[in-house]
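Undergrad: Fold the following, please.
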Amino acid sequence: MSELTPALLWLIPVAPLLASVFIAFFGKALLRGRSHVPCVAALAISTLCAGSLMLMFLAAPSHLKPDPTTHSFHQEPSEHAPIAPHAPQPVLTTPGYTWSDTDNLHVRLDLQMDAMTAIMLCMVTFVSLLVSIYASGYMHGDPGYPRFFAAFSLFVFSMCMLVLADNYLTMFVFWEGVGLCSYLLIGFWFQKPSAAAAARKAFVVNRIGDFGFILGIFLIWKTFDTVKFSEVFERIPHVAETNPAVFTTICLLLFLGAMGKSAQFPLHVWLPDAMEGPTPVSALIHAATMVTAGVYMVARSTPLFVMSPTAQMVVSGIGAITALLAALIALTQYDLKRVLAYSTVSQLGYMFMALGAASLVYTKNDATHVDLSTFAVTAAMFHLLTHAFFKALLFLGAGSVMHSMGDVIDMRRFSGLRHVMPHTRITFLIGSLTLAGCPLLSGFWSKDDILVALFEGTKAGGHETFFTVILGVAVVTAFLTAFYSFRAYNMTFLGEERFPEEAHHPHESPPTMTLPLFVLAGFSLVIGLFLGPTGVYARQLAQSTSLPGHGEHPHNYLLMALSAAIFFAGYGLARWMYVKSPAVSAGLERGLKPLHRLSLNKFFLDELFNYLLVIPVKVLALLCTLFDKYVLDGLLDFAGSIPSTIGRIVRPIQNGLVSHYAWIMLLGVVLFLIQMLRALAG
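TA: Now for the predicted structure:
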């Protein structure tokens, strides 16, 4: 590695930070309509740096490790692993500075890059770059144009620092930074009550998860005397011998944080409402930042999670519930962006289903031990990578439709856009095919890896029934995904040509918006085919899991055939119901009205949470207010009134009249003499 490597590593997050500061100070006065230029330039620099470092990691032998003093790889003996020895992965740590140094806690702001970090950074910076180019056209003319790109750049900076953190405390700081930026961007149009409410909802719900995350970090510190990833993982064998039960508590607390950030049931309710923000924000949150943070944190913490099968089953179980529930809700939504939002929630559930299988080890043919730890994690992260591209593509495509339809996004109010918006139509079709799991496209390979991991989990002793149910949920969800994906596509682009009244001049979006669509579509087509069947992705990512194994990539051709059949079944049903025989869908809505209403109203979960949580908290707040106002304030007012009352009693004595004072003195002398005479008489 060259001497420029540390500079490249720091430049990845620093470039968008500098762009954010520059736009914040000079955007409104100097840049105005060109406020996107520093943001786009900074993200291009970050993407090039991340790509260069990624190539270095691909070229580095897996048995070599970079020397943090010379920034070059050298031979180093293997460290002991949590479960079994394995070859050390290449890790680059670039020193920063010490920001907490006490007797009990030493934390440095250093940057760490390994294969998992490199892959995440390439995805985050590249997708963010494309979204920023798209946003320069989508947000053109908005009065808050500079403010948007300042917050956008800060968002990417926070996400990059979260990924580059080498310890849990630094990760948490920028975890909160990501949450702050999401609040600013979701509520960007704060004049709209719905946007302001959605921003507050996202902020509050995420604080619930973050409370669990910080408690988990405190417990890690108390248990391991450190919060640095490498040191925590190295001390796992010792803690496993002395206090094995602590792993379950730590993992469940960490997962609570992931549930909030990655919108898992029941903390998923904030993500669909986040659609009130600008469409580029939706694409950024759903594809490259924010929701991917929870998956990344759990994947990074896999050495802890594999020590607790209970926690792993909770992760898979919550993921399965979330995936199925969100898919059922997406079936009936008419807001195109909300369909995609619930799709994101569902696909994140898929990733957690796979992460929950990471602790499974079983015996095959009574001889060979098969370890799913590495493969399950790489399957989840592989789906995270492919999902970033096709979900960004779909959200930006929905934004293109919204741009043309006069900000209308209700699919009941338009149809047949294939001729008016041919570029958006073809790219949205590619995104839908990928999301639905069309054979040979990216989503097919990554989703198939998750199904393989869950299928192998059905063979693990003691967990067969549990993972059989999880696998069944995954298969059903895959069918529902294919159906609602093409329901949305068919209702938007096929059928008779209809436009809403707000769409005065329906047209294709400008090149600044369509060019990112084609780039994302290209990656959605080929990245899975390049990385999936070859196992390249799995082998590279296996170096970062700190687990045994070498990125084995089992293929199950029966499951591949099943995945293909599921795709064609979902695609065919959606085409029949919404293209060939539209009356069928209308008839089903009437015939299954209670179920349709249940799904359309999101299973009334928002209303349920409102009655169970929001209203009781408001009542409690009202009671606290009354208690504070009439009890505490009353007691304080009473205590404060005692001196003034005494003062009012004695105030007439001090009236300034000499004669009055003489009479008081005489009265005092008389009382004194009377007391003296009584004393003498006694």
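Undergrad: quick check: longest strand of this protein.
TA: Of all segments of type strand in the chain, defined using DSSP state E, the longest is strand 92-101.
Undergrad: tally of neighbours for residue 441?
TA: 25 (other Cβ atoms under 10 Å). For glycine as for every other residue, the C-beta is placed from the backbone atoms N, C-alpha and C.
Undergrad: Residue 494 is in contact with residue 582, correct?
TA: No - if you go by Cβ atoms under 8 Å, residue 582 and residue 494 don't touch, sitting 10.1 Å apart.
Undergrad: lowest-confidence helix or strand of this structure?
TA: strand 72-75 (a mean of 40; mean pLDDT, DSSP states H and E).
Undergrad: any idea which element the closest residue to residue 532 other than its chain neighbours lies in?
TA: Distances taken as Cβ to Cβ, 6 or more residues apart in numbering put residue 445 closest to residue 532, at 2.9 Å, once the chain neighbours are dropped. Assessed by DSSP states H and E, residue 445 sits inside helix 442-457.
Undergrad: In the stretch 401-550 of the chain, mark out all the helices, start to finish.
TA: 422-436, 442-457, 464-493, 511-531, 536-542 (DSSP state H, counting those that start in this stretch).
Undergrad: Could you do the stretch 51-200 of the chain as well?
TA: Under the criterion DSSP H, counting those that start in this stretch, helices of the stretch 51-200 of the chain are mapped to 115-138, 145-164, 168-186, 193-224.
Undergrad: Buried residues of the last one, list them for me.
TA: Going back to what we said before, that points to helix 193-224. 195, 198-199, 201-203, 205-206, 208-210, 212-217, 220-221, 223-224 (16 or more other Cβ atoms under 10 Å).
Undergrad: same check, this time on stretch 235-252
TA: So for stretch 235-252, counting by 16+ other Cβ under 10 Å, buried means 236, 239, 246, 247, 248, 250, 251, 252.
Undergrad: ditto for stretch 47-59
TA: Quick answer for stretch 47-59 (16+ other Cβ under 10 Å): 47, 48, 49, 50, 53, 54, 56, 57.
Undergrad: same check, this time on stretch 29-41
TA: 31, 35, 36, 38, 39, 40.
Undergrad: Out of those residues, name the ones that lie in helices.
TA: Residues of the buried residues of stretch 29-41 located in helices (DSSP state H): 36, 38, 39, 40.
Undergrad: from those, which has minimum pLDDT?
TA: Minimum pLDDT across those is recorded for residue 36, with 91.
Undergrad: Residue 317 versus the residue nearest to residue 391 when sequence neighbours are not counted, what's the distance?
TA: Setting aside the residues directly before and after it, residue 391 is nearest to residue 287 in space (Cβ to Cβ, 6+ apart), at 4.7 Å. Distance from residue 287 to residue 317, counting by Cβ to Cβ, to the nearest Å: 26 Å.
Undergrad: Comparing the two, which shows the higher neighbour count?
TA: Shown here are residue 287 and residue 317; by other Cβ under 10 Å, residue 287 has more neighbours (29 against 18).
Undergrad: Point out where the stretch 51-200 of the chain drops to low pLDDT.
TA: 60-90 (pLDDT under 70).
Undergrad: Convert the C-alpha atoms of stretch 6-23 to PDB, please.
TA: Taking Å, rounded to 0.1, in the frame of the first residue of the first chain, the C-alpha atoms of stretch 6-23 are listed here in PDB:
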ATOM      1  CA  PRO A   6      -4.200   7.000   4.900                       C
ATOM      2  CA  ALA A   7      -5.000  10.200   3.100                       C
ATOM      3  CA  LEU A   8      -7.400   8.300   0.800                       C
ATOM      4  CA  LEU A   9      -9.100   6.700   3.800                       C
ATOM      5  CA  TRP A  10      -9.600  10.000   5.500                       C
ATOM      6  CA  LEU A  11     -10.700  11.800   2.300                       C
ATOM      7  CA  ILE A  12     -13.700   9.400   2.000                       C
ATOM      8  CA  PRO A  13     -15.700  11.000   4.900                       C
ATOM      9  CA  VAL A  14     -13.900  14.400   5.000                       C
ATOM     10  CA  ALA A  15     -14.800  15.400   1.400                       C
ATOM     11  CA  PRO A  16     -18.600  15.400   1.900                       C
ATOM     12  CA  LEU A  17     -18.100  17.000   5.300                       C
ATOM     13  CA  LEU A  18     -16.200  19.900   3.700                       C
ATOM     14  CA  ALA A  19     -18.800  20.200   1.000                       C
ATOM     15  CA  SER A  20     -21.600  20.400   3.600                       C
ATOM     16  CA  VAL A  21     -19.800  23.200   5.500                       C
ATOM     17  CA  PHE A  22     -19.100  25.100   2.300                       C
ATOM     18  CA  ILE A  23     -22.700  24.800   1.100                       C
END
